[in-house]
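Q: Show me how the following folds:
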Amino acid sequence: MGKSKVAKKIDKLEQEADRLRKQAEKKGKQLSSDASDRIDDLRKEEKSSKKGLVMLLMAVAGAATAFVLKKKRDQELDEALWEEPRSI
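A: Coordinates of the predicted model:
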């Protein structure tokens, strides 16, 4: 016996549904992969931006230390001049 028209339509719709499901799964995997790649890129950017911030803070700390040491050296030189005047 042959299949009824309704059964044939149901089979056709089920095949179409399977095709669409596979297509959606493929697209979902692709989007998931793209999102994962983007997350990795953002993490790399975040690390590099943190490196830049750390380098900036180190530069500021170095400059502040150099400034303080220069002021201390100048003060010591001034004190040395007052303690041991040279003849002109």
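Q: what's the pLDDT at residue 29?
A: Residue 29 carries a pLDDT value of 90.
Q: Sorry, slip of the keys, the one I care about is residue 11.
A: On the pLDDT scale, residue 11 gets 87.
Q: so how far is residue 7 from residue 69?
A: 92 Å (CB to CB, to the nearest Å). For every residue, glycine as well, the C-beta is placed using N, CA and C.
Q: Correction: the previous question concerned residue 25.
A: 27 Å.
Q: so residue 3 is in which element?
A: Here residue 3 sits in a region with no helix or strand, counting by DSSP states H and E.
Q: ignore the last one, residue 14
A: Here residue 14, judged by DSSP H and E, is contained in helix 5-83.
Q: Please name every helix or strand in contact with that helix.
A: Helices and strands touching helix 5-83, by 3 or more CB pairs under 8 Å, 6 or more residues apart in numbering; DSSP states H and E: there are none.
Q: From the chain's centre, how far out is that helix? Work that out for me.
A: Centroid displacement of helix 5-83 relative to its chain, using CA atoms, centre = their mean, to the nearest Å, is 1 Å.
Q: what about residue 5, how many neighbours?
A: 8 (other CB atoms under 10 Å).
Q: Can I get stretch 72-79 as PDB, trimmed to CA atoms?
A: This file holds the C-alpha atoms of stretch 72-79, laid out as PDB (Å, rounded to 0.1, in the frame of the first residue of the first chain):
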ATOM      1  CA  LYS A  72      68.200  65.700  48.000                       C
ATOM      2  CA  ARG A  73      71.500  65.900  46.100                       C
ATOM      3  CA  ASP A  74      71.000  69.600  45.500                       C
ATOM      4  CA  GLN A  75      70.200  70.100  49.200                       C
ATOM      5  CA  GLU A  76      73.400  68.200  50.200                       C
ATOM      6  CA  LEU A  77      75.500  70.300  47.800                       C
ATOM      7  CA  ASP A  78      74.000  73.500  49.200                       C
ATOM      8  CA  GLU A  79      74.800  72.400  52.700                       C
END
